[in-house]
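In: Next input, structure requested:
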Amino acid sequence: MGARVVVVLGALLFAAACQLPGSSSSCNAQIDWVNFIQVGSTQYVAGPQSPTVLQESELGPVYAHVKFKVSGNVCDPNYRLKDGDSAFLDPGTPIYQVTGQPSSQQLAARFNGKIVVYGAMLPAS
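Out: Next up is the predicted model:
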C-alpha cells in the first residue's frame with residue numbers, strides 16, 4: 001500500500017511540473033518591455049518619451065510583418081530577440097517604410113489606433 005501511495009504522489013508531482021500545451025505559464029520574472037520591433041538584426045524603438053505619430057499619407061510600402069509578440073508570452077529575462085519580434089504589436093501587424101526616410105533609420109506601425117514611428121537603435125560602440 002505504501003509503495004502505491006508513493007507512485008501516485010510521484011505521478012501527481014510529475015504532472016504538476018509538466019505544462020499542458022495552451023495552458024498559461026507562471027512567470028517568475030516581471031519584464032517591462034519598451035515599445036520595440038525587431039527587423040532582421042536591427043531593433044527599432046518608439047519614443048522613448050512621447051512617440052512620433054504619422055499621418056496615413058506619410059506611410060510607404062509594407063516592409064515586414066510582426067511574427068511574435070513578446071509581452072505576455074516571454075518571461076525569460078535572457079530571451080534573445082528574433083527577426084519579427086515586437087513588444088506589443090500582434091503577429092501579422094504590418095511594419096511600414098516611412099516616406100522620405102531610409103528603412104535603416106525609421107519604420108512605422110499602427111499601435112493603439114495611431115501610426116507610430118520606430119527609430120533604429122544604433123549599435124553600442
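In: what about this structure, any weak spots by pLDDT?
Out: 1-28, 123-125 (pLDDT under 70).
In: cutoff 50 now
Out: Applying pLDDT under 50 to the chain flags residues 1-24.
In: Tell me where the chain has strands.
Out: 36-39, 42-45, 53-54, 59-65, 68-69, 85-86, 94-98, 106-111, 114-120 (DSSP state E).
In: So which of these has the densest surroundings on average?
Out: strand 85-86 (a mean of 24; mean count of other CB atoms under 10 Å). Placement of C-beta: from N, CA and C, glycine included.
In: Quick one: list the elements packing against that strand.
Out: Applying 3 or more CB pairs under 8 Å, 6 or more residues apart in numbering; DSSP states H and E, one finds that strand 85-86 contacts strand 36-39, strand 68-69.
In: ok, and what's touching it?
Out: Residues outside strand 85-86 that contact it (CB atoms under 8 Å, 6 or more residues apart in numbering) are 36, 37, 38, 66, 67, 68, 69, 70, 93, 109.
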